[in-house]
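J.: Structure for this input, please:
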Amino acid sequence: MINAYSDIKKNGLSFVMITSALGGVLYVLGFPSFVGVQLFLAPSLGVSLLLLNLDLRLSCPSTTFYRQLLPIIIFSIFFGIIGLYWIPRSAETVGFSPPFNYLLLMFYSLISAPQYISFFLLLTLGRYLSARISGHTSRYQNIFLHLRSLSSRNLLLALLLTLCEYWTPTAVPTYIGHGYMQLAPYLGLANYGGEIIFSFFAFWLSFIIVGYLKEKRIDLMGTIFFLLFLAINFILPLKYAPTTADPVNHIRLVQANVDSLLKDSAKKGVRQAYEQVFATYYQLSYPLSAKLNGTPPAPVDPPIDLIIWPETAYPFSLSLGSMIKDPTTIPKWPLYISSLIKTDIFFGGYVNNDKKNSKNKPTGSTGSTELTELTESDELSQYEQTYNSVFFLQYPEKIQGVYNKHLLIPFGETLPFGGISYRVFNKLLPEMGFFARGDSFPTFSTKNNTQFVSVICYEIIFSEFVRKVLNQAQAASNLPAHFLVNVSNDSWSNTLTEQEQHLFLARWRAIEHNLPIIRSTNTGISTIIYPDGSLGPTIPINTTGQLTIKIATPYRIPTFFQRWGVAVTVIFALVALATSVILVTLVINPTRRSIN
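T.: Sure thing, here's the model as predicted:
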């Protein structure tokens, strides 16, 4: 079987470059992009072209290290440049002017798919260990012989690559299994294995294709399992079917569509700017004066249980301690609107890092802090001075809680190497946030006693993080969340593709956890994602508007994926691998011996 492999050295450099580049382009087609075409199997085909240029043998000498690394770099560059072309425009908003914003794109493109570099390094290490271990006893030689069977090898490599994808850090997790969202609601196994089980089968398909192209052999077991996987998802589609007995909340989403320039001016304290921002939120929040596309809403609205403003809607830093002790320090914008409508408001803003401020207080300080509207120089004067936060203002005058963002966006809200980067870049990149990181996962409750949790911006695209939020919030409150709120501000991207990709990836969290997700964004796309992956009413991109949604929330039991995470996929893969080895040992080998 080993001799059946095509020696990768026979492939010329042009072949390696063309197929790897084409692989990167096909990978993009699994996601929203400017190409305008999405094919759920395209990422598997793209990865197949990449793997075609790698030596996948579990033992035996490989080609040179750099020759193996070259196709991964080419694949990543083409995927990054085409799929993440919006990065240069986004980088300009935090101070990376040309040509440095394009250099940032090139740098990020090199590491846009780091899971394949991890896989290559682990495969190289595994090859070394395989040679060392199998050389000791015939027992180990037997085991590795069975693992070299086509089905077993494909299974093992698919599991290894899946784990590399799941655990390798990345700023934007664009995974091979994400493309299957196009099949929604026929994704029944997502409740059990999450997106990762779709990645596993997508990788398995890629290795099946590579095995056929290199060896002209069909992995029958892998092919059957892949077809069964698709069939089960279609037989058991996701469903969202609340009953009339389930609690109902009417929630108003506000999409202010405040551009970055106006937002920055308001943040700097320009009176005309922040008055204009306040007027926008007032008109969109208050039902009698709000207008959507120029048409007044119906005079009689259902009672609003919660109004949601997007990330950093309130431009000034606030002191949480002061607002809890003294309600008069609660900002007047949301307080005034809350009193008019007699409802709760969930709004994005900034909160002072009181822990750090207390350390910096001069001797003799009383410890009291007051609500202040900080200038730009004040906000950037100290490292990790503020949090990117979302506040829950409970009618009439109470801050019920605050969630501080944990996962900060590199080159937008933080930089690698912490304080060292701050000392070097705080003056060169004045728009950089350098935020502090949150450390808690609070649960909030509407006036109808419906529990919900929140994540901010890109936190929603990280599967394991959202799982952690739900589990830790439930452990602290002893109640499962009925829905999740994702506040965001994508105005910095300046592209439609980034906003579409953000929503596309967020839909996976809804189906993984059987959980409605409410997205309130500054520039779009504001909507509700139902647990079957479908979208409710939406406010389009770059549109100013408000949307009142009615959401029924059945009692929710945590899904298998929320409880067990990646373990479901790992257990399935190991069972399938054991089955393959047993078949090789008990069926295939005895048959060959009898023939001989």
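J.: Remind me which helix or strand the nearest residue to Leu535 once chain neighbours are set aside belongs to.
T.: Counting by C-beta to C-beta, 6 or more residues apart in numbering, Leu535 lies nearest to Thr527, which is 5.2 Å off, once chain neighbours are set aside. Bear in mind the C-beta positions are built from the backbone N, C-alpha and C, glycine included. Using DSSP states H and E, Thr527 sits in strand 526-529.
J.: And the helix or strand just after that strand, what's buried?
T.: The helix or strand immediately downstream of strand 526-529 is strand 535-539, counting by DSSP H and E. For strand 535-539, the buried set under the neighbour-count rule, 16 or more other C-beta atoms under 10 Å, comprises Thr538, Ile539.
J.: Quickly run through the sheet partners of strand 535-539, with directions.
T.: strand 526-529 (antiparallel) (DSSP bridges).
J.: what mean pLDDT would you report for the strand it pairs with?
T.: Averaging pLDDT along strand 526-529 gives 95.
J.: can you list contacts of it?
T.: Under the criterion C-beta atoms under 8 Å, 6 or more residues apart in numbering, residues 253-255, 310, 503, 506-507, 509-510, 516-520, 535-539, 545, 547, 549, 551 lie in contact with strand 526-529.
J.: Please enumerate the strands of the stretch 201-350 of the chain.
T.: Along the stretch 201-350 of the chain, counting by DSSP state E, counting those that start in this stretch, strands occupy 248-255, 306-308, 317-318, 344-352.
J.: Confidence-wise, which of those is weakest overall?
T.: Among the strands of the stretch 201-350 of the chain, strand 317-318 carries the lowest mean pLDDT (a mean of 88).
J.: Direction included, what does it pair up with?
T.: strand 344-352 (parallel).
J.: Which residue, other than its chain neighbours, is closest to Val351?
T.: Ser389 (4.3 Å).
J.: packing partners for the helix or strand harbouring the one you found?
T.: Element membership of Ser389, judged by DSSP H and E, is strand 386-394. Using 3 or more C-beta pairs under 8 Å, 6 or more residues apart in numbering; DSSP states H and E, the elements in contact with strand 386-394 are helix 332-341, strand 344-352, strand 398-404, strand 451-456.
J.: I would like the residues contacting it, please.
T.: In contact with strand 386-394 (C-beta under 8 Å, 6+ apart) are residues 311-312, 314, 317-318, 330, 334-335, 338, 344-353, 379, 399-405, 408, 413, 433, 435-438, 444, 454, 456-457, 485, 487.
J.: Beyond the helix or strand containing Ser48, next helix or strand please.
T.: Assigned by DSSP H and E, Ser48 falls within helix 42-51. Next along the chain after helix 42-51, taking DSSP H and E as the criterion, comes helix 65-83.
J.: So for that following helix, what gets flagged as buried?
T.: 67-83.
J.: taking the mean pLDDT, what do you get for it?
T.: 87.
J.: Output it in CSV with nothing but the alpha carbons.
T.: Output of helix 65-83 as CSV, limited to C-alpha atoms (Å, rounded to 0.1, in the frame of the first residue of the first chain):
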residue,chain,number,x,y,z
PHE,A,65,10.2,20.4,5.7
TYR,A,66,9.9,23.5,3.6
ARG,A,67,8.5,21.7,0.6
GLN,A,68,5.7,20.4,2.8
LEU,A,69,5.1,23.8,4.4
LEU,A,70,4.9,25.7,1.0
PRO,A,71,1.4,24.5,-0.1
ILE,A,72,0.0,25.4,3.4
ILE,A,73,1.3,28.9,3.0
ILE,A,74,0.0,29.3,-0.5
PHE,A,75,-3.4,27.9,0.5
SER,A,76,-3.6,30.3,3.5
ILE,A,77,-2.6,33.4,1.4
PHE,A,78,-5.3,32.8,-1.2
PHE,A,79,-7.9,32.1,1.4
GLY,A,80,-7.0,35.1,3.4
ILE,A,81,-6.8,37.6,0.5
ILE,A,82,-10.1,36.5,-1.0
GLY,A,83,-12.1,35.5,2.1
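J.: Show me what it is packed up against.
T.: Using 3+ C-beta pairs under 8 Å, 6+ apart as the test, helix 65-83 ends up in contact with helix 13-28, helix 42-51, helix 100-110, helix 114-134.
J.: can these go into a markdown table with extra columns for mean neighbour count and distance to Leu261?
T.: Below are those laid out as a markdown table (neighbours: other C-beta atoms under 10 Å; distance: least, C-beta to C-beta, whole Å):
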| stretch | mean neighbour count | distance to Leu261 |
| --- | --- | --- |
| helix 13-28 | 19 | 31 |
| helix 42-51 | 24 | 37 |
| helix 100-110 | 17 | 17 |
| helix 114-134 | 17 | 34 |
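J.: mean pLDDT lowest for which of those helices?
T.: Among the helices and strands packed on helix 65-83, helix 100-110 carries the lowest mean pLDDT (a mean of 71).
J.: I'd like to know which elements that one is packed against.
T.: Packed next to helix 100-110, using 3+ C-beta pairs under 8 Å, 6+ apart, are helix 65-83, helix 87-92.
J.: Any idea how far that helix is from the middle of the chain?
T.: Taking C-alpha atoms, centre = their mean, to the nearest Å, one finds helix 100-110 lying 21 Å from the centre of the chain it belongs to.
J.: Same question for stretch 267-282.
T.: Going by C-alpha atoms, centre = their mean, where stretch 267-282 is centred and where its chain is centred differ by 31 Å.
J.: Now do the buried residues in that stretch.
T.: Within stretch 267-282, the residues that count as buried by 16+ other C-beta under 10 Å are Lys267, Lys268, Ala273, Tyr274, Val277, Phe278, Thr280, Tyr281, Tyr282.
J.: now do stretch 227-246
T.: Those would be Phe229, Asn233, Leu238, Tyr240, for stretch 227-246 by 16+ other C-beta under 10 Å.
J.: Out of the residues you listed, which comes closest to Ile571?
T.: Closest to Ile571 out of the buried residues of stretch 227-246 is Phe229 (15.2 Å), distances taken as C-beta to C-beta.
J.: who's in contact with that closest one?
T.: Leu189, Phe201.
J.: and the residue nearest to Val351, how many neighbours does it have?
T.: Close neighbours of Ser389, defined as other C-beta atoms under 10 Å, add up to 27.
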